[in-house]
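In: Dropping the sequence and predicted coords here.
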Amino acid sequence: MPDKPLLSVEQALERLTADLKPVGAEAIPLVEALGRVLAEPVRASHPLPPFANSSMDGFAVRAADVQQAASDQPVQLAVVGEAAAGAEALPSVGPGQAARITTGAPIPPGADAVVPVEATDSPEPMAGQALPKQIAVGRSVAAGDYIRPAGLDVQAGSVVLEHGRVLQPQDIGLLAALGVDRPLVSRKVRVAVFSTGDEVVEVDKPLRPGKIRDSNGYMLAALLQQAGAEPLRLGIAADTPQAVEDQLNRASEARADLILTSAGVSMGAHDFVRQVIEQHGRLDFWRVNIRPGKPLVYGGYRNIPFVGLPGNPVSAWVTFYLFVAPMLDALRGAVSGGPLVVDAELVEPIESDGRESYLRAHLWRVSDGYVARLTGSQDSGVLTSLVEANALLRLPAGTLGLKAGDKVETWLIAGAGHESRHSLRRPSA
Ligand code: AMP
Ligand code: MG
């Protein structure tokens, strides 16, 4: 029998994300907000910096007093006091006067510029030094020099972070600067995850003949954590319709926002997952024109979206990356740009079967761009070539092969050590 036409990756993605509603929001302590998604725009309640302050350690002066100053013609000023960072009392600076000032201290009244300590006869560093009675200034400054005006960074009332922003460490810093101690974020998306298969046993159980350990259950929970979701691990279901249904019921009782399974979705005599979804839930589609990962079930169970990923670990990983990650973003209201994509030059020919393909590869930088090669076997059960990969090569549907030297679209794998010492270097062998 000829194969029925399959959904394209794009069509599948559209259907997977079409009906998802964002989960609710909660205010949480700022220290827990890394990686969470803002559920409202954040407006600045005050400017940053909140007051005009010095960008240098030195002396606050009146620019007009030092207009003629030069290294061979220093200007003497009387030091009337000190403006130290954090001190609330400030000296006033009159004509012919200066105040010692530290970086971040408010500009004292009367002063309109700062002379860095390097341009004076004051010894440096100034730590522990008594306040001098006077200083010689060997350089002119203009009004405003070395002063950071109030609002230089952020104007009061402006939106500093948009709704849907996935909070980064630098965002946390900005929120702290603005006194936002409990940002409103989407609550974590709760994802029930279980593996299926009579051959699958828990990680701490002995391997009896014919058994394998539950690699997918742990990997999917980790992918969920990495994506900012809360995995609800339900363990393993045997290859019977009843066992699968029991687990689906547990997922529903646990009030999951999404149910994720692996295996049991293909054509085998013991693949019951699709059948259970079809009979007791709602089946939307169950195959996509992709390699790896063609058998992919999408539907719902008791109004909870359901995704049945393929059993082969690499297929499960790739389909999570391509399909589940965008679903999670839709559920948590994240505005995400998706993975980083670069064009790379192939160093070897590769074959393909015409399905849209995602191949495990190592990408590295050369003087004029990027090059890539496969990390090894592309069998969807081979996990080590995924472990070694830092990128996926995307071959569009209809591609039957590429030659060495051809350009190929390359998706960087998030967190695959691009920042580490392995980053984008030529592999050793
Ligand atoms: P299936 O989709 O049930 O035909 O499974 C496809 C392949 O994935 C088979 O080789 C299974 O043994 C394997 N597999 C199924 N579940 C898991 C799992 N949880 N961890 C690792 N491999 C699995
Ligand atoms: Mg199976």
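Out: Everything's here; your move. Numbers count the residues shown, from 1 in each chain. Ligands and ions are numbered 1, 2, ... in the order given.

In: C-alpha from now on. contacts and neighbour counts both.
Out: Will do.

In: With adjacent residues omitted, what lies nearest to H46?
Out: Computed as Cα to Cα, 6 or more residues apart in numbering, the closest residue to H46 that is not its neighbour in sequence is A156, at 4.4 Å.

In: where in this structure is pLDDT low?
Out: Scanning the chain for pLDDT under 70 picks out the ranges 1-4, 417-424, 428-429.

In: So which residues on it come close to ligand 2?
Out: Residues of the chain that fall close to ligand 2, judged by Cα under 5 Å from the ion: G197, G264.

In: Which parts of the chain are helices?
Out: 9-18, 169-177, 215-226, 241-253, 273-280, 313-319, 325-332, 384-387 (DSSP state H).

In: Surely L331 touches V189?
Out: Yes. Here L331 reaches V189: they are 6.8 Å apart, a contact under Cα atoms under 8 Å.

In: Find residues that contact each of those two.
Out: Common contact partners of L331 and V189 (Cα atoms under 8 Å, 6 or more residues apart in numbering): V23.

In: near ligand 1, which residues of this protein show up?
Out: Contact residues, the chain versus ligand 1 (Cα under 6 Å from any ligand atom): 195-197, 200, 214-217, 262-266, 310-313.

In: These in strands, which ones?
Out: S195, T196, V200, S262 (DSSP state E).

In: Show me the two of these that sit farthest apart.
Out: V200 and S262 (10.9 Å; Cα to Cα).

In: Compare these two and say which one has the larger neighbour count.
Out: S262 (28 against 22; other Cα atoms under 10 Å).

In: For that one, give the beta-bridge partners.
Out: According to DSSP bridges, the residues that bridge with S262 are S195, L309.

In: from what I can see it touches Y218, true?
Out: No. Applying Cα under 8 Å, one finds S262 not in contact with Y218, separated by 11.1 Å.

In: Just the residues contacting stretch 195-203, thanks.
Out: With Cα under 8 Å, 6+ apart, stretch 195-203 has contacts from 207, 210-217, 235-239, 244, 261-264.

In: now the strands for the stretch 301-429 of the chain?
Out: Assigned by DSSP state E, counting those that start in this stretch, the stretch 301-429 of the chain shows strands spanning 304-309, 341-346, 350-351, 356-366, 369-374, 391-395, 401-402, 407-412.

In: want to throw the ones you listed into JSON lines with mean neighbour count?
Out: Below are these laid out as JSON lines (neighbours: other Cα atoms under 10 Å):
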{"stretch": "strand 304-309", "mean neighbour count": "26"}
{"stretch": "strand 341-346", "mean neighbour count": "19"}
{"stretch": "strand 350-351", "mean neighbour count": "13"}
{"stretch": "strand 356-366", "mean neighbour count": "23"}
{"stretch": "strand 369-374", "mean neighbour count": "21"}
{"stretch": "strand 391-395", "mean neighbour count": "24"}
{"stretch": "strand 401-402", "mean neighbour count": "14"}
{"stretch": "strand 407-412", "mean neighbour count": "21"}
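
In: Dump those strands to a markdown table, plus distance to R282.
Out: Shown next, in a markdown table, are those (distance: least, Cα to Cα, whole Å):
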| stretch | distance to R282 |
| --- | --- |
| strand 304-309 | 9 |
| strand 341-346 | 35 |
| strand 350-351 | 37 |
| strand 356-366 | 26 |
| strand 369-374 | 38 |
| strand 391-395 | 31 |
| strand 401-402 | 38 |
| strand 407-412 | 33 |
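
In: Among those strands, which comes closest to G110?
Out: Taking the strands of the stretch 301-429 of the chain one by one with Cα to Cα, strand 341-346 is closest: 54.3 Å.

In: Tell me the strands beside that closest one, with direction?
Out: Using DSSP bridges, the strands paired with strand 341-346 are strand 369-374 (parallel), strand 407-412 (antiparallel).

In: Can you point out the buried residues in stretch 200-218?
Out: By 16 or more other Cα atoms under 10 Å, the buried positions in stretch 200-218 come out as V200, V201, I212, D214, S215, N216, G217, Y218.

In: Identify, from those, the entry nearest to P95.
Out: Ranked by distance to P95 (Cα to Cα), those are led by Y218 at 71.7 Å.

In: Tell me, how many residues neighbour the residue of the stretch 1-150 of the chain found nearest ligand 1?
Out: Nearest residue of the stretch 1-150 of the chain to ligand 1, counting by Cα to the nearest ligand atom: L6, 17.8 Å away. Around L6 there are 16 other residues, counting by other Cα under 10 Å.

In: contacting residues around the residue sitting furthest away from the middle of the chain?
Out: Here the chain reaches farthest from its C-alpha mean at Q73, the gap being 55.1 Å by Cα atoms, centre = their mean. Applying Cα under 8 Å, 6+ apart to Q73 gives the contacts G138.

In: Report the separation between G369 and ligand 2.
Out: Noted for G369: a distance of 42 Å to ligand 2, by Cα to the ion, to the nearest Å.
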